[in-house]
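Undergrad: need the 3D shape of this:
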Amino acid sequence: MDTLACESDDLGETEAFLSQAYARMRIGGSGDGSRTRLVRHATDRVSTDELDLRFDMDYSVTPLGRLCLCVVHTGTIEEHTFHGVRDDFGPGDLVCFAPPELPYSGRIRQARYNITMLDPGLLTDVADLAPRSRPEPVRLTGHRPHSPAAAEHLKSTIAHLRTILSEPALAGQPLVVSTATQHLAASVLAAFPSNALTDPTAADRADARPPALGRAVAYIDDHADQDITVADIAAAAHVTIRTLQYAFRRHLDTTPLGYLRQVRLAHAHRDLRSAAADSGATVTGIAARWGFHHPGRFSALYRRAYGRTPQTTLRGKAS
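TA: From the prediction side, this is the model:
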């Protein structure tokens, strides 16, 4: 996990830093000062930035190659333009700046905002295209969420990811980061219009048979300690993601990721029981190792599954 930070009142320095952080760009500023502050936390596939521009700035950006989501906290972003779209954004707005392959431009007016960038391939990790559609990636087809409720849910997901990436103890746990990243991709598809098809077709329902489910379950059981996606599980089961989701709902009353969470919880239980008294093991550390970053939520899940707290298991007061 990488962290970048910049605080400057020099436009040339700001332009160079932003070009490094995003893509080649030209900026121009005006106002009483040109103070810029940016803090980035990033993995290979996703990044979250907090920016505070205390001046007016024109921008022109070459294609990023990534989905770029923006949440405006204060100030405005005006005349944002790409491929026939022209829009203005203000406090509370959540937008996708442009498709990954297109340039964009606009003007920031003394704004504080959050930028979340993600590898567009993450969308393909959690969703399928319509059957028999021409080969293309899953992509967004609109730059604004389709409802205020969907936007608010995605904002919450972004804040959750930002918390994880900004805390070294959590950012260093691959399964915690993987779970949060997949949740982000699913939330993006739930919030924005896209070319993905999430409802199962008749063919998907016909394919959602016990043998396919068995292959999926076996793959999860064998790879629960690794960074795996819904797409990986579907490929191992030789079915589409839609078929996979439908099979788990129909036969196990859960989702593939829900089942993966159950398996990882069982591994955490095993580690809590086997930890030596002098090992220095903690509930928080074991939980994070298996992808559970929030101690309170982990404790609640654990208690529902095993009838006692993880602390009790670790202390060895119950077998």
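Undergrad: now for Glu13, how many residues are close by?
TA: Glu13: 14 surrounding residues under other CB atoms under 10 Å. C-beta coordinates here come from the backbone N, C-alpha and C atoms, glycine included.
Undergrad: oh, that last question was meant for Asp119, not what I typed.
TA: When neighbours are counted by other CB under 10 Å, Asp119 registers 19.
Undergrad: so what's it up against?
TA: Applying CB atoms under 8 Å, 6 or more residues apart in numbering, we find Asp119 in contact with 44-46, 66-67.
Undergrad: kindly check the end-to-end length of stretch 76-92 for me.
TA: 10 Å (CA to CA, to the nearest Å).
Undergrad: equivalent analysis for stretch 241-261, please.
TA: Using CA to CA, the two ends of stretch 241-261 sit 18 Å apart.
Undergrad: returning to what we had before: now, which of the contacts of Asp119 lie within strands?
TA: Of these, the ones assigned to strands by DSSP state E are 46, 67.
Undergrad: nearest to Ile220, of the contacts of Asp119?
TA: Closest approach between the contacts of Asp119 and Ile220, by CB to CB: Arg45, at 21.0 Å.
Undergrad: and the contacts of Asp119 as TSV, adding distance to Tyr22?
TA: What follows is the contacts of Asp119, written out as TSV (distance: CB to CB, whole Å):
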residue	distance to Tyr22
Asp44	16
Arg45	16
Val46	14
Arg66	9
Leu67	12
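Undergrad: select only the buried ones of the contacts of Asp119 in PyMOL?
TA: Burial among those is assessed by 16 or more other CB atoms under 10 Å; the matching PyMOL selection reads:
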select buried, resi 45+46+66+67
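Undergrad: can you lay out the contacts of Asp119 as a markdown table showing pLDDT?
TA: Compiled in a markdown table, the contacts of Asp119 are given as follows (pLDDT from 0 to 100):
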| residue | pLDDT |
| --- | --- |
| Asp44 | 91 |
| Arg45 | 94 |
| Val46 | 96 |
| Arg66 | 95 |
| Leu67 | 96 |
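Undergrad: just the contacts of Asp119 now: which is nearest Ala288?
TA: Once CB to CB is applied, the member of the contacts of Asp119 that ends up nearest Ala288 is Val46, at 18.2 Å.
Undergrad: isn't that closest one up against Ile115?
TA: No: shown here, Val46 and Ile115 do not form a contact pair, counting by CB atoms under 8 Å, at 11.3 Å.
Undergrad: sorry, back to before: which one of the contacts of Asp119 is nearest to Glu136?
TA: So of those, ranked by how close each gets to Glu136 (CB to CB), first place is Leu67, at 15.2 Å.
Undergrad: so which residues of the stretch 51-200 of the chain form helices?
TA: Using DSSP state H, counting those that start in this stretch, the helices of the stretch 51-200 of the chain run over residues 121-126, 148-166, 168-171, 174-191.
Undergrad: and the gap between the spatially closest residue to Arg45 that is not a sequence neighbour and Ser187?
TA: Excluding its sequence neighbours, the residue lying closest to Arg45 (CB to CB, 6 or more residues apart in numbering) is Asp119, at 4.2 Å. To Ser187, Asp119 is 15 Å away according to CB to CB, to the nearest Å.
Undergrad: all good on my end, thank you.
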